[in-house]
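Chemist: The following comprises the amino acid sequence and a computationally predicted model.
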Amino acid sequence: MAKEKSEEDIRQVVAGIKHPAIDRTLVDLGVVKEITVKGNKVLVTMALPFPGIPTQVRDYLVNSVVEQIKKMDVEVEVDLTIMNQEERQAFLDMEQESWKGGT
């Protein structure tokens, strides 16, 4: 029987996922906000900096997290939210500092 995954196990996997256009991880940027593990199910709360993020970008970010977590043989659900003003400003500061381009 497989060992149940802990929140820390999931965090270690997610911690290395980088934004495609910003040389920072999604955790550093505040995009991955919360991870909750209940048995074999993982709920990840992801915060986007603005409403109306292009679908292609949103889907890329969500899929990059989901694909890595699914490799751990667990079910994944993502809850999307929008960053508050303080979170958004921190994101924009890091974006400006670490922009590498691309989508």
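Modeler: Ah, there it is.
Chemist: Centroid-nearest residue for this structure?
Modeler: The chain has residue 32 as the residue nearest its centroid, 3.5 Å off, counting by Cα atoms, centre = their mean.
Chemist: Wait, it touches residue 65, no?
Modeler: Yes - applying Cβ atoms under 8 Å as the test, residue 32 and residue 65 come out as touching, 6.5 Å apart. (Glycine included, C-beta is placed from N, CA and C.)
Chemist: what number of residues lie near residue 17?
Modeler: With neighbours defined by other Cβ atoms under 10 Å, the count for residue 17 comes to 18.
Chemist: and it, what is it in contact with?
Modeler: 25, 26, 27, 32, 64, 65, 68 (Cβ atoms under 8 Å, 6 or more residues apart in numbering).
Chemist: redo that, cut-off 7 Å
Modeler: Residue 17 makes contacts with 25, 26, 64, 65, 68, as judged by Cβ atoms under 7 Å, 6 or more residues apart in numbering.
Chemist: Just the terminal-to-terminal distance for stretch 46-62.
Modeler: With Cα to Cα, to the nearest Å as the measure, stretch 46-62 spans 8 Å from end to end.
Chemist: Sorry, slip of the keys, the one I care about is stretch 79-86.
Modeler: 20 Å.
Chemist: Residues touching the host helix or strand of residue 88, excluding its own?
Modeler: Here residue 88 sits within helix 85-98, counting by DSSP states H and E. Outside helix 85-98, the residues that touch it by Cβ under 7 Å, 6+ apart are 22, 23, 24, 28, 29, 30, 47, 49, 83.
Chemist: With neighbour count added, can I get these in a markdown table?
Modeler: What follows is the contacts of helix 85-98, written out as a markdown table (neighbours: other Cβ atoms under 10 Å):
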| residue | neighbour count |
| --- | --- |
| 22 | 21 |
| 23 | 14 |
| 24 | 19 |
| 28 | 17 |
| 29 | 22 |
| 30 | 19 |
| 47 | 20 |
| 49 | 17 |
| 83 | 19 |
